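# Got a predicted structure here, sequence first:
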Amino acid sequence: MARLCTIRDVDWRGKTAVVRVDFNVPLGRQDGRVADDTRIRAALPTLQYLRQHGARVVLLSHLGRPDGKRDAKYSLQPVADRLGELLGSSCPFGSDCVGQAAQSAVRAIGPGEVVLLENVRFHPEEEANDPGFAADLARLGDVFVNDAFGTAHRAHASTEGLAHHLPAIAGLLMEKEIVTIGEALDNPKRPFVAVVGGAKVSSKLAVLENLIDRVDRLLIGGGMANTFLAARGEQVGRSLLEADLVPTARDLMRRGDKILLPSDVVVTTDLKAADTQPRACASDAVGPDEIIGDIGPRTAADFGQAIQAAGTVLWNGPMGIFEDPRFADGTLQVARAMAASRATTIVGGGESVQAVEQAGVADKLSHVSTGGGASLEFIEGKVLPGVAALRSDC
Ligand code: ADP
Ligand code: MG
């Protein structure tokens with residue numbers, strides 16, 4: 001891929017940047033304030049760069065699913081309040097993202113200042129990628145900066161449509177996501193080890209297909225490993241199993257002997273009985289009434305060793321039902337092995353990122369992706385419409 005144009009390629013003096021950020025953050029049910037500001041902080045490098053280089057900065061985002069209607073529950077006002085605290089100077093807020101209210105909010109800021117406009121999804125035209133609406137958004141400034149990697153897999157007016165009306169370039173977060181994950185896929189430091197888990201093979205089939213020919217080793221855990229164990233001829237009791245995908249699993253296992261499956265697992269007879277003590281056993285010793293909830297300690301150690309020896313590790317999907325502490329060890333061990341490894345370490349996926357944060361090692365990894373669905377589609381090898389729309393002739 002030619003080099004993506006970024007905010008570093010523009011002379012910002014006198015210009016207004018229309019920046020699509022992903023401020024889709026959780027709000028506290030009681031106080032309505034921002035409950036987790038990770039996504040806001042992730043956009044700060046871009047915002048600080050633009051401010052320092054004299055741009056006027058107009059921010060667009062969605063929040064939740066207001067389904068094209070104005071709904072106070074999904075207002076971005078609390079996000080403006082939190083952003084102001086993080087920037088150290090209050091952040092003005094425009095009560096609409098297009099029209100009079102938007103235009104006057106934008107006119108009120110000077111160079112180096114930031115304004116956040118109201119939820120783009122209050123307009124049905126946003127998700128419909130309506131060209132007229134995109135043209136209205138384009139009137140807010142001179143250059144379109146997309147820093148919303150988490151929404152890049154959606155072709156909406158503020159993520160894709162805008163690029164047809166203004167020069168479109170990447171923000172620093174978008175650049176980091178694309179370059180880090182893209183390098184791992186296309187030009188990895190070897191050995192390249194992928195760790196894939198999560199509930200089902202069916203939801204990760206495209207990921208496995210795209211990775212199998214690129215990686216040196218593919219470590220499979222989580223519920224999806226059960227289907228592979230079955231393909232190896234083992235009984236998985238009452239565990240999650242996708243019988244129709246057993247032949248697919250068998251085919252993948254034949255592709256170059258790269259797949260490493262659990263040799264032991266943690267099982268229980270009742271997932272809901274939190275007071276029962278699960279047992280670890282060999283993967284071929286699961287009883288007919290037992291359910292696999294996690295990889296076993298020997299597997300976790302083997303996976304850890306492969307991660308230690310890697311040049312690049314890409315991880316998507318937890319190794320077990322980590323939400324239950326009885327089945328969290330495998331996932332936490334993998335997280336710690338990643339943190340201890342000298343490899344380039346990348347984690348993508350909603351629950352996987354949550355697990356890495358739970359393990360307290362997020363800051364010890366090379367890259368923790370801010371995009372759940374977007375990073376999954378990227379790892380699947382799909383072209384993300386929000387990325388494809390950016391200029392790459394710089
Ligand atoms: P990510 O969001 O990181 O891409 P997924 O959404 O694919 O991950 O999968 C996460 C879910 O997989 C978790 O909620 C976890 O409970 C579930 N899971 C992991 N291992 C098992 C298992 N052995 N049986 C059932 N569910 C599992
Ligand atoms: Mg998930």
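Everything's here; your move. All of these numbers come straight from a predicted model, not from anything done at the bench. Numbering: from 1, shown residues only. Ligands and ions are numbered 1, 2, ... in the order given.
# Next, give phi and psi for the closest residue to A300 other than its chain neighbours.
Ranked by CB to CB, 6 or more residues apart in numbering and with sequence neighbours excluded, the top spatial neighbour of A300 is Q333, at 4.0 Å. For glycine as for every other residue, the C-beta is placed from the backbone atoms N, C-alpha and C. Main-chain torsions, Q333, degrees, to the nearest 10: phi -60, psi -40.
# May I ask you to confirm that Q333 is in contact with I307?
No - the criterion here is CB atoms under 8 Å, and Q333 misses it with I307 at 9.6 Å.
# N210: how many residues sit nearby?
Residues near N210, counting by other CB atoms under 10 Å, number 17.
# name the element it belongs to?
Assigned by DSSP states H and E, N210 falls within helix 205-212.
# hmm, who's touching that helix?
Helix 205-212 is contacted from outside by 185, 194, 196, 201, 218, 245, 248, 252, 255-256, 258-259, 314, 316, 376, 379-382, using CB atoms under 8 Å, 6 or more residues apart in numbering.
# From these, keep the buried residues only.
185, 194, 196, 201, 218, 245, 248, 252, 258-259, 314, 316, 376, 379-380 (16 or more other CB atoms under 10 Å).
# What sits closest to the closest residue to ligand 2 within the stretch 51-200 of the chain if chain neighbours are left out?
Per CB to the ion, G198 is where the stretch 51-200 of the chain lies closest to ligand 2, at 6.6 Å. Excluding the flanking residues, the one nearest G198 by CB to CB, 6+ apart is G317, at 3.1 Å.
# now S61
F23 (3.9 Å).
# and this protein, which residues reach ligand 1?
197-199, 203, 222-223, 240, 292-293, 316-318, 320-321, 323, 349-352, 372, 376 (CB under 6 Å from any ligand atom).
# In contact with the residue in the stretch 201-350 of the chain that ligand 2 sits nearest to, which residues?
Among the residues of the stretch 201-350 of the chain, G350 lies nearest to ligand 2; the distance is 4.0 Å by CB to the ion. Contacts for G350 (CB under 8 Å, 6+ apart) come out as 372-373.
# and what of L172?
6-7, 45-46, 49, 147.
# Reformat those residues into TSV and put pLDDT, neighbour count and distance to F122 next to each item.
As requested, the contacts of L172 are exported to TSV (pLDDT from 0 to 100; neighbours: other CB atoms under 10 Å; distance: CB to CB, whole Å):
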residue	pLDDT	neighbour count	distance to F122
T6	98	22	29
I7	98	23	27
P45	98	16	28
T46	98	26	24
Y49	98	19	29
D147	98	31	21
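# end to end, how far does stretch 195-209 reach?
13 Å (CA to CA, to the nearest Å).
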